[in-house]
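K.L.:
Here's a sequence, model it:
(one chain, ligands or ions: 1)
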Amino acid sequence: MSVASSALLSVDSAPPQPFRIVPFDGAVGAEVLGLDLSQPLNGDDFQRLHRAHLDHAVLVMRDQRITPEQHIAFSRRFGPLQIHVLKQFLLEQHPEILIVSNIVEDGRNLGLGDAGKFWHSDLSYKLLPSLGSMLHAQELPSEGGDTLFADMHKAWDAVPDALRRVVKGREAAHSYTARYAEDRFTGNWRPTLTAEQLAQVQEVIHPVVRTHPETGRQALFVSEGFTTRIIGLPEDESRDVLQQLYALSVLEQNVYRHRWQPHDLVFWDNRSLIHLAAGCPAHLRRKLYRTTIQGDAPF
Ligand code: SIN
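P.N.:
Numbering: from 1, shown residues only. Purely as a prediction, here's the structure:
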């Protein structure tokens, strides 16, 4: 049996994998040691990983020598996959994978070069935002290129009572296009959206504070990347409140900084976290493959 087809067989009869979950010292995240995702994962092992994902919100699995098919098959065990609106940057033959890359070849951008330049939760601009995303390192720069993750449960815990009273029970608008063409790091990587693409990213409304559907924990659910305003507040007040919430979301003690190593697979929970790509010098090549798992309507 080929390696690819053996890993696609996630049969309960597969032998157990003796992996360990080692939490990081900081607010969120854990490393999974001794897991090989190129091999089948039985139901019990899958349940352990699922539990760890809920407990730690970011799982780091080092040195995963997996194919795009294996990456997709593993991601699908957590839910249906979402196809990114920027079809230009989907992996050929594998539209479930978004290429995140600053590489330009023959004058063409290979992937979305500035993905994650603002703090955000993936696809919060959809009615069904993402449950979680898996990013698999393909090519890494010798300098920079880290990804930061901030704990939105702790962010909500940090909101003072007076501000809680202002936002509790309120909803906010999320828009993919609000900051789409902003030029912050290394230039504008964004292709003009077609009418069909624009139709897929109409503004949506979500609660400012959401309940995690699997753990029942409360989390702040706004981000500078996609949230545009709090419904029902005057524009100035909405802007001011959002700025305060953004500042409370990224307190240093609540942030994990991932420094990429070759073949890392990082799986995070978009219901519990926001994340940011720290960027790297423009001349250094960076390429990662991302799958995005669909979640529930936030409540
Ligand atoms: C993303 O926002 O999904 C990309 C993160 C990164 O490139 O580090």
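
K.L.:
Burial check on residue 170, number of neighbours?
P.N.:
Number of residues near residue 170 (other CB atoms under 10 Å) recorded here: 15. C-beta here means a position set from N, CA and C on the backbone, and glycine is covered the same way.

K.L.:
list the contacts for the closest residue to it other than its chain neighbours?
P.N.:
Nearest non-adjacent residue to residue 170, counting by CB to CB, 6 or more residues apart in numbering: residue 208, 5.0 Å away. Residue 208 makes contacts with 167, 168, 170, 171, 172, 220, 221, 222, 230, 245, as judged by CB atoms under 8 Å, 6 or more residues apart in numbering.

K.L.:
same deal with residue 200?
P.N.:
Neighbouring residues of residue 200 by CB under 8 Å, 6+ apart: residue 85.

K.L.:
Apply 10 Å and report the result again.
P.N.:
Residue 200 is in contact with 83, 84, 85, 87, 125, 126, 176, 193, 194, counting by CB atoms under 10 Å, 6 or more residues apart in numbering.

K.L.:
before we move on, back to that, any idea how far the residue nearest to residue 170 lies from the ligand?
P.N.:
Distance from residue 208 to the ligand, counting by CB to the nearest ligand atom, to the nearest Å: 21 Å.

K.L.:
wait, what's in contact with the residue in the stretch 101-250 of the chain positioned nearest to the ligand?
P.N.:
Closest approach between the stretch 101-250 of the chain and the ligand, counting by CB to the nearest ligand atom: residue 116, at 2.6 Å. Residue 116 sits next to 100, 122, 135, 147-148, 225, 274-279, 290 when contact means CB under 10 Å, 6+ apart.

K.L.:
Intersect these with the contacts of the ligand.
P.N.:
Among those, the ones lying near the ligand by CB under 6 Å from any ligand atom are 100, 122, 147, 275, 277, 290.

K.L.:
If any of these are buried, put those into a ChimeraX selection.
P.N.:
To isolate the buried subset of these in ChimeraX, counting by 16 or more other CB atoms under 10 Å, use the following:
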select :100,122,147,275,277,290
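
K.L.:
Around the ligand, pick out the residues from this structure.
P.N.:
By CB under 6 Å from any ligand atom, the residues of the chain that approach the ligand are 100, 115, 116, 122, 133, 147, 275, 277, 288, 290.

K.L.:
Now rank the contacts of residue 200 by neighbours and give me the top one.
P.N.:
Ranked by neighbour count (other CB under 10 Å), those have residue 125 at the top, with 25 neighbours.

K.L.:
and that one, what are its phi and psi?
P.N.:
phi -80, psi 10 (degrees, to the nearest 10).

K.L.:
And it, how far from residue 216?
P.N.:
25 Å (CB to CB, to the nearest Å).

K.L.:
same thing with residue 288?
P.N.:
From residue 288 to residue 216 the distance is 32 Å (CB to CB).

K.L.:
Quick check: which ranges of the stretch 51-200 of the chain have low pLDDT?
P.N.:
In the predicted model, the stretch 51-200 of the chain carries pLDDT under 70 at residues 183-188.

K.L.:
can you give me the strands for it?
P.N.:
Using DSSP state E, counting those that start in this stretch, the strands of the stretch 51-200 of the chain run over 58-61, 90-91, 94-101, 104-105, 108-109, 130-139, 147-151, 171-174.

K.L.:
now the angle from the longest one to strand 94-101?
P.N.:
So the one you mean is strand 130-139. Per axes from the mean of the first three to the mean of the last three CA atoms, to 10 degrees, the angle that strand 130-139 makes with strand 94-101 is 60 degrees.
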